[in-house]
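Trainee: Provide a 3D model corresponding to the input given below.
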Amino acid sequence: MPLWAVLVLVAVVAVGSAGGGGLLGGSLGAHSTDPPEPTDSPRLNTDLPSDAPSRAPDTVAGVAQRVSPSVVSIQDGGTTMSGNGSGFAIENDHVVTNNHVASALESGELEVAYSNGRTSGADVVGTEPDSDLAVLRLEDPLDVQPLAFGGSGEVTVGDEVVAIGAPLGLAGTVTSGIISAVDRPVRLGEGTAGQGTSISALQTDAAINPGNSGGPLVDAQGRVIGVNTAIATMGGTAGEQSGSIGLGFAIPSDEAEGIVADILSGAGEDGSEPADEDRPRIGVALDGDYDQGALIAAEEDAGGDAVEPGGPADEAGLRSGDVIVRFDGRDISDADTLIRLIGDYESGDRVEVVFERDGRRNTTDLTVGSGPD
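Mentor: Okay, here's the model as predicted:
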């Protein structure tokens, strides 16, 4: 059989080792002894620990020494360890992580652990499932330097990066690599693309594994340029976790910073999730497997109306089975591309949509709407 006849399956999976997929991370953590006695945690850009050899600030070791104290592991603080992930401290006693980490653990007692072993309880301030981001509020925070967001728009292929987190429950793990690609389309979750999470990610070859989810991807200055969220793995047994093959993905900081700010500004005093009435949408369910445009799903696959009655797409004359091939003058290759583009618009924006129906191309005008998914 020719080598090229062998089918290689690559799946993109979230890298929080929470829930059933977190058995390996939980098993490793279960073998650990009591946490070490807390010690003073160094602040970013200040004195290094007395037992740490000094390293130049722009080396991997220097970046790790300055950033690691502000990176936390996130786990179930109850009697059982149901999973874990990572996060990083920002201002006002808050921690940024992935939605899939926070949502997997929110039924139990959330707990964060610092690099020196100190722990604190935490509550979910708010989440943004479409971008796989969440913000936690700490009950007993440690005085560490908040990490700053850098500009992911200035990142280019070949730039050196460092990933810090708790893969498989191993807190404080540092890996390094380069930016392998920018604006990489990545879809997380299952079901139709209209119901999943689609991101335009930074791709890196820095080793990222289950448990790294929510941890920072930082540049040579220690600025957060991405939030680690997913890896690509070779196809394996259903439900089986796979490790890094050098294809990791992070939410760009330019997107993450704005979403975190929205979560914090929209959250109530009781820590409830912010409302999402202003999220741009066109009111369709899409077939995530179709790759010749954005195919509006069949009614049976959508689990209801594939085109929301009275919604923007319905008002524009679109219906189930139509394939959107251009949106406001930009070519649409698949559902993920359309989802990302819609996110760039605001409610009330009017765009031209080119779609195919029964082998013919048609053009219509559509007014972007807003509301929850």
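Trainee: Bridge partners for the residue nearest to Leu217 when sequence neighbours are not counted, pull those for me.
Mentor: Leaving aside its sequence neighbours, Leu217 sits nearest to Gly226 (Cβ to Cβ, 6 or more residues apart in numbering; 3.8 Å). (Glycine included, C-beta is placed from N, CA and C.) Taking DSSP bridges as the rule, Gly226 bridges to Pro252.
Trainee: Gly226 and Val96: what is the separation?
Mentor: 11 Å (Cβ to Cβ, to the nearest Å).
Trainee: more neighbours, these two?
Mentor: Gly226 (30 against 26; other Cβ atoms under 10 Å).
Trainee: quick one: contacts for that one?
Mentor: 152, 161, 201-202, 204, 216-217, 250-253, 256 (Cβ atoms under 8 Å, 6 or more residues apart in numbering).
Trainee: top strand in the protein by residue count?
Mentor: strand 173-188 (DSSP state E).
Trainee: got the buried residues for it?
Mentor: Judged by neighbour count (16 or more other Cβ atoms under 10 Å), strand 173-188 contains these buried residues: 173-177, 179-180, 182, 184-188.
Trainee: Likewise for stretch 284-300?
Mentor: 284-288, 290, 293-297.
Trainee: Also stretch 320-338?
Mentor: Result for stretch 320-338 [16+ other Cβ under 10 Å]: buried residues 320-328, 332, 334-338.
Trainee: and of the residues you listed, the nearest to Ile245?
Mentor: For the buried residues of stretch 320-338, the residue nearest Ile245 by Cβ to Cβ is Asp336; the value is 21.2 Å.
Trainee: That closest one contacts Arg184, correct?
Mentor: No. Using Cβ atoms under 8 Å, Asp336 is not in contact with Arg184, being 10.4 Å away.
Trainee: Give me the average confidence score over stretch 285-295.
Mentor: Computed over stretch 285-295, the mean pLDDT rounds to 89.
Trainee: that older thread, check the buried residues of stretch 284-300 and tell me the two furthest apart.
Mentor: Ala285 and Gly293 (14.9 Å).
Trainee: Inside helices: which ones of the buried residues of stretch 320-338?
Mentor: 335-338 (DSSP state H).
Trainee: between these, which is nearest Thr127?
Mentor: Closest approach between those and Thr127, by Cβ to Cβ: Asp336, at 20.7 Å.
Trainee: For the buried residues of stretch 320-338, point out the one with the lowest pLDDT.
Mentor: Lowest confidence among the buried residues of stretch 320-338: Asp336, with 78.
Trainee: if I pick that residue, what's in contact with it?
Mentor: 185-187, 193, 198, 288.
Trainee: Output those residues in TSV; the columns should cover distance to His100.
Mentor: What follows is the contacts of Asp336, written out as TSV (distance: Cβ to Cβ, whole Å):
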residue	distance to His100
Pro185	18
Val186	13
Arg187	13
Ala193	17
Ser198	14
Gly288	17
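Trainee: ok, of those residues, which one's closest to Pro210?
Mentor: Nearest member of those to Pro210, counting by Cβ to Cβ, is Val186, at 16.2 Å.
Trainee: so what's that closest one up against?
Mentor: 12, 198-201, 230, 249, 336.
Trainee: State the distance from Asn92 to Glu111.
Mentor: 19 Å.
Trainee: Of the two, which one has the most company?
Mentor: Glu111 (21 against 10).
Trainee: mind checking pLDDT for the more buried one?
Mentor: At Glu111, pLDDT is 89.
Trainee: so what's it closest to, chain neighbours aside?
Mentor: Nearest to Glu111 is Gly77, by Cβ to Cβ, 6+ apart, at 3.0 Å.
Trainee: Any regions of the chain where pLDDT drops low?
Mentor: 1-53, 78-83, 106-108, 189-197, 235-242, 267-278, 372-373 (pLDDT under 70).
Trainee: Going by residue numbers, what spans are helices in it?
Mentor: 23-30, 60-67, 99-105, 253-266, 299-302, 312-315, 335-342.
Trainee: Tell me which of those lies nearest to Asn116.
Mentor: helix 60-67 (13.2 Å).
Trainee: now that closest one against strand 173-188, angle please.
Mentor: Per axes from the mean of the first three to the mean of the last three Cα atoms, to 10 degrees, the angle that helix 60-67 makes with strand 173-188 is 80 degrees.
Trainee: Who are the packing partners of helix 60-67?
Mentor: strand 160-165, strand 173-188, strand 216-218 (3 or more Cβ pairs under 8 Å, 6 or more residues apart in numbering; DSSP states H and E).
Trainee: For Glu128, which of these is the nearest?
Mentor: Among the helices and strands packed on helix 60-67, strand 173-188 sits nearest to Glu128 (Cβ to Cβ), with 12.8 Å.
Trainee: Let me know the angle separating the closest one from strand 160-165.
Mentor: 90 degrees.
Trainee: How far does strand 173-188 sit from its chain's centre?
Mentor: 11 Å (Cα atoms, centre = their mean, to the nearest Å).
Trainee: next one: stretch 320-330
Mentor: With Cα atoms, centre = their mean, you get 26 Å for stretch 320-330.
Trainee: what sits up against that stretch?
Mentor: By Cβ under 8 Å, 6+ apart, the list of residues contacting stretch 320-330 reads 290, 292-299, 302, 306-307, 318, 331-332, 338, 341-342, 345, 351-357, 361.
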